[in-house]
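Asker: have a look at this prediction, sequence included:
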Amino acid sequence: MADSRPPSSQRTSAPDLEILGDQVTLHPSGYIEPPERLQDGGDKERNLVEHMARFRSSPLEFLREVSLHVSGSGWRAYENFIGQPIFYPGFSENMTQAVLSTPILQNRIAELAEKRIAVEERDGLLNTDAPLYAAKRSQRKAVIEQSLQELCEKLTGDMICKMESRPFIRGAYYLCTQLLTRAYHQGIHVSSEEVIRLRTVAEQAEKKMQSIIFLPCHRSHVDYVSLQLICYRLGLALPTVVAGDNLNIPGLGSFLQHAGAMWIRRSFGDDVLYTTLVQSYIDTLLQGGFNFECFVEGGRSRTGKLLPPKFGILGFILDSVLSGRVEDAIICPVSTQYDKVIETEGYVTELLGVPKKKENLADFLSASSVLSLKLGRVDVRFHEPWSLRQFIQEQQSRTTGIPKEIDMKSITDQATRQKLLRTLGYKVLSDINAVSVVMPTALIGTVLLTLRGRGVGKAELIRRVEWLSDRVRSKGGRVAHFGNSPTSVVIDRGLDVLGKDLVGLVEGLPEPTYYAVDRFQLSFYRNMTIHLFITEALVCVSLYTRVKRGGGPDNQRIPYDELREQVLFLSQLFRGEFIYPTDGLAVNLDNTLRALETDRVLELIRDGEGRISAVGLADEERRAGRENYDFYCFLTWPFAESFWLGAVAMMGLTPPLNYEGDGWLDVKKCQDSAQLLGKTLYHQGDLSYFEAVNKETLKNAWTRFEEEGMIVVAKSRNTKIQPRAKLDPSWMPARDPSNGHIVPEGRLWGFIERIASSRREGKNRRDGATVSTRVLKHTETISETLFRGPQAEGEGMSEEDKVLLKKQQRRRLALQARAHL
């Protein structure tokens, strides 16, 4: 929204540090002006550590430097890092004993043993009337507790990180640095200001025996490698990294575990012992002041933008402090950005519906071919760390009015905890966005995907990249530093990193002309900038309901109240898709409209009292060919298409006439049918963006529809039974009794039309008649497929599943205090 900070030209900032192999270089700030020259004519950049030698060019020097790493010379020794002792013989044994002795785990073991005794008594395995029953019962309970204790010891050994050997971590650092910086040949960049601040916080945390909890965004497997390398190189204690056990594959798993990974199951289910064991381990780490790292989004983002927070590990961390078992911990949100993400090609395959492959060592080894690529650089930024305890107290004070000295154990209400946890998750995401750096490849990708033409000339590409860079800065964002290089050179480097498979060059023209080859994959980089402009984009696509009509300026103006209602509708529709400013709709909308008026994109019509009564395009924007207005629309049109597609696919969940089944359908088949419908509509011209068929956005749409009660989803306690779904009766379309066809009217149809009003109007498509004929015809095909065969008839729901469904519906209703669609 409106930025109260001074313009970028007035801001000052500390320089960046570039970490490239053994070399650390000081760069001038990346998002201000080019570096100043020193009085002696030299650059402000300087090498702090010399380049690491290569064997082919200098074998003797190479061997000497390897020996320095092996022997541990200077910083390589990793002796005087800031933080609690790690990497010493016996570390794992000490940690295991600490975890197993925690009161919460011992109490859980005793509780489970008691429950088992009760079952055996009920089943007659223990005779309560037998002589010496009390002794036998006590003996049997001790046996069960010992068995559970041994199980916990095994699970702990499989789970915990094993920081045992300093020579090992020195070698691991050397190996990972060599591999990473061969792929990312421009190195790892961090802000010197942020690093100095982080080291200061780390020194204070060490004295208080408090943990720093790093919470990075997650776009690549490289994320945790880069953060570990930075901590090692800058002398901070390496964090214990939460990792899914799908990566715990032979060979690689042991290496990662000894480098700091802790393995956890992807799903805990109803395993209360395992859940307590994970809580015990996290308690032990935080009580001991060991640094900790987990990804707030859970899995890797396949789309390039931040995913909604996952609350599993965050919940454990929050409970450690709320319960009083841990006094405090320091939260440090981290942003990791790439010129090019290694896995994007695989992401596209997954988003198009190809099942994800199971992780295996062969795939990791085959990635060696990537090492020959030139993928640019990695930018890592650290938000200012903050106290988790202070955050909790501030939230309590805000909601209850109780002073900050509140007892941390006073929160017992589950709903209050959930609200606190949700606030924590979204605050971390907001902090990550606040420090994220926009890379040159993201600028290029955004420009190429927000132009109406097929391609763009070099001069126009330079102009639009510079315009976008200025817009990013004006929004308080950061652009990766250009140094002394002109924009044209930076663009050439970015195009080289993206490669000809993503951006093509038309040969033989008077001016070099570039075009998007793979728009789907390129959208990953465009999505890295959306969070900065989401409010402008929502306003512009809401105004598009009138702009698409054409005609004169008066015909394309929209009353303020109507604009506000559409902005509210779209913001609620996309609330699981984007991270919004926290000031609320009224303030955000007012700030956005005024900013767009200042930029001469929109014209605000005011009444006699100065209130905004209508909104339209500014005359300057019309004369400029709507290029800036279109830019904002292009950012969100693909998402509007995806949610429209998901809503249209729901029409296919309408049972046929005379259907006698229970109506429950396999959720995965329903979602797959929506993707197949999208591919059909795209190739037939009724969908403008192929990326709208991506699996993740369609799943987000499905989740959103479920939250609104449009779809009822039943999940069984039996994991072998897949989740099932059906349309809520209040949203069910009617069928024409004469021919059995779905009638394009009703509540769901009105909802689809509302989304469609903000869709891009394509040359070969008109919303009304086309949707109600050809598109709905395809939904009939979906319906026939879904309701045909033995699965459609279903086996009915068990009584246990019906009870579980009612609980899920009550929980969903409890979360519906927020605005509705």
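Answerer: Yes, it's here. Numbers count the residues shown, from 1 in each chain.

Asker: pull out the buried residues from stretch 231-241.
Answerer: Buried positions in stretch 231-241, judged by neighbour count with 16 or more other C-beta atoms under 10 Å: 231-234, 236-241. C-beta: built from backbone N, CA, C; applies to glycine.

Asker: measure that stretch end to end?
Answerer: Terminal residues of stretch 231-241 are spaced 13 Å apart (C-alpha to C-alpha, to the nearest Å).

Asker: do me a favour and average the pLDDT over that stretch.
Answerer: Average pLDDT, stretch 231-241: 92.

Asker: ok, stretch 632-647 next?
Answerer: The model assigns stretch 632-647 a mean pLDDT of 95.

Asker: check the offset of that stretch from the chain's centre.
Answerer: How far stretch 632-647 lies from its chain's middle: 19 Å, per C-alpha atoms, centre = their mean, to the nearest Å.

Asker: next one: stretch 219-227
Answerer: In terms of C-alpha atoms, centre = their mean, the centre of stretch 219-227 is set 13 Å apart from its chain centre.

Asker: what's next to it, contact-wise?
Answerer: Contact with stretch 219-227 is made by 176, 180, 184, 188, 214, 216-217, 239, 241, 243, 261, 293, 295, 300-301, 304, 334, 336, 338, 341-343, 378, 380, as judged by C-beta atoms under 8 Å, 6 or more residues apart in numbering.

Asker: list the buried residues for it?
Answerer: Of the residues in stretch 219-227, 219-227 count as buried by neighbour count, 16+ other C-beta under 10 Å.

Asker: check stretch 708-724 too.
Answerer: 708, 710-716, 724.

Asker: widest-spaced pair of those?
Answerer: In terms of C-beta to C-beta, these reach their longest pairwise distance at E708 and S716, which sit 22.8 Å apart.

Asker: neighbouring contacts of stretch 697-711?
Answerer: Residues outside stretch 697-711 that contact it (C-beta under 8 Å, 6+ apart): 303, 573, 575-577, 639, 642-643, 645-647, 650, 653, 667, 670-671, 674-675, 678, 712-713, 725-728, 730-731, 748, 751, 812, 815-816, 820-821.

Asker: show me the buried residues of stretch 708-724 that map onto strands.
Answerer: Where the buried residues of stretch 708-724 overlap with strands, as defined by DSSP state E, the overlap consists of 711-714, 724.

Asker: circling back to that earlier point, out of the buried residues of stretch 219-227, which are inside strands?
Answerer: Nothing among these maps onto strands, per DSSP E.

Asker: and which of the residues you listed is nearest E761?
Answerer: Ranking the buried residues of stretch 219-227 by separation from E761, with C-beta to C-beta as the measure, puts R219 on top at 33.1 Å.

Asker: can I get stretch 252-261 in CSV? Just the C-alpha atoms.
Answerer: Only the C-alpha atoms of stretch 252-261 are listed here, as CSV (Å, rounded to 0.1, in the frame of the first residue of the first chain):
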residue,chain,number,x,y,z
LEU,A,252,22.4,-39.1,1.5
GLY,A,253,20.3,-39.4,4.7
SER,A,254,23.2,-40.2,7.0
PHE,A,255,25.3,-37.4,5.5
LEU,A,256,22.5,-34.8,6.0
GLN,A,257,21.8,-36.1,9.5
HIS,A,258,25.4,-35.6,10.6
ALA,A,259,25.3,-32.1,9.0
GLY,A,260,22.3,-31.0,11.0
ALA,A,261,19.1,-32.6,9.6
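
Asker: contacts for that stretch?
Answerer: Defining contact as C-beta under 8 Å, 6+ apart, one finds that stretch 252-261 is touched by 161-165, 168-169, 172, 224, 228, 238-241, 243, 247-248, 263, 361, 364.

Asker: following element in sequence after the strand ranked longest in the chain, please.
Answerer: The longest strand of the chain (DSSP E) is strand 330-338. Sequence-wise, the next helix or strand downstream of strand 330-338 (DSSP states H and E) is helix 344-351.

Asker: just how off-centre is that next one within its chain?
Answerer: Distance of helix 344-351 from its chain centroid, counting by C-alpha atoms, centre = their mean, is 16 Å.
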